[in-house]
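Novice: Have a look at this fold, sequence not included:
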Ligand SMILES: [Zn+2]
């Protein structure tokens with residue numbers, strides 16, 4: 001499958017995934033990204049029929065309200081856990097006190113049309129648990145070509161890195177991470193999926209990322 005990446009300010013990614021019924025948008029990038037995203041969909045000549053959010057951080061949900069206004073028919077999907085953060089409910093679940101909610105949670109007016117859970121399918125995408133960066137982060141595995149939309153479980157700016165430990169070349173995602181040991185477990189679990197391609201929230205798409213992921217896990221554990 002061709003990959004359709006929209007990058008804002010060289011830092012923040014959203015993706016368009018082609019399906020039989022139209023396009024799935026993965027994340028909405030920063031506020032005021034709606035024009036760039038809608039233009040990318042227009043170039044593909046297909047409508048955005050659903051918006052899936054990997055997690056509720058500001059740089060992934062920023063253009064949600066504007067896109068929802070432009071595309072009122074499109075479904076809006078997020079995990080039940082991060083749906084609460086999207087609604088600016090910052091209460092923790094039992095056991096979550098082990099971490100601290102870090103990073104920007106500006107919230108959105110838009111309510112999800114439904115929540116999604118690991119194991120479900122969204123079109124061709126398999127929903128995969130990816131907690132750690134936020135408590136309810138999700139990744140998405142395209143079952144057609146094993147592209148893994150890994151959200152902020154990995155970043156590839158300055159090289160493939162987990163968000164389990166601050167990486168000096170690009171420390172931001174790790175600094176915004178709720179619980180580093182959980183993020184490390186997620187990084188390992190995503191590696192076990194054997195992705196053919198890694199499409200992160202921050203940084204370029206990496207083909208055949210297996211060896212780089214193993215290295216990043218080792219660095220994240222050290
Ligand atoms: Zn994030």
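Specialist: Everything's here; your move. Model, not experiment: these values are computed from the prediction.
Novice: Give the burial count for the closest residue to residue 201 other than its chain neighbours, as a bare number.
Specialist: Once flanking residues are discounted, residue 201 sits nearest to residue 152: 4.6 Å by C-beta to C-beta, 6 or more residues apart in numbering. Bear in mind the C-beta positions are built from the backbone N, C-alpha and C, glycine included. Applying the criterion other C-beta atoms under 10 Å, we find 30 residues in the vicinity of residue 152.
Novice: Now residue 152, what are its backbone angles?
Specialist: The phi/psi pair for residue 152 (degrees, to the nearest 10) reads phi -100, psi 30.
Novice: count of neighbours near the residue of the chain found nearest the ion?
Specialist: The chain approaches the ion most closely through residue 57 (3.4 Å), counting by C-beta to the ion. Using other C-beta under 10 Å, residue 57 has 27 neighbouring residues.
Novice: so it touches residue 108, yeah?
Specialist: No: using C-beta atoms under 8 Å as the test, residue 57 is too far from residue 108 to be in contact (11.4 Å).
Novice: is stretch 135-151 up against the ion anywhere?
Specialist: No: using C-beta under 5 Å from the ion, stretch 135-151 stays clear of the ion, coming no nearer than 7.3 Å.
Novice: From start to finish, how long is that stretch in a straight line?
Specialist: End-to-end distance for stretch 135-151: 13 Å, by C-alpha to C-alpha, to the nearest Å.
Novice: Could you list the buried residues of that stretch?
Specialist: Residues 135-142, 147-151 are the ones in stretch 135-151 that count as buried (16 or more other C-beta atoms under 10 Å).
Novice: And for stretch 38-54?
Specialist: For stretch 38-54, the neighbour count (16+ other C-beta under 10 Å) marks 38, 40-41, 48-54 as buried.
Novice: Indicate each strand paired with the strand ranked longest in the chain and its parallel or antiparallel sense.
Specialist: Longest strand in the chain, counting residues (DSSP state E): strand 12-19. Strand pairing for strand 12-19, using DSSP bridges, gives strand 4-8 (antiparallel), strand 22-26 (antiparallel).
Novice: Compute the first-to-last residue distance for stretch 100-119.
Specialist: Using C-alpha to C-alpha, one end of stretch 100-119 lies 27 Å from the other.
Novice: How about stretch 60-74?
Specialist: Here the two ends of stretch 60-74 are set 17 Å apart, with distance taken as C-alpha to C-alpha.
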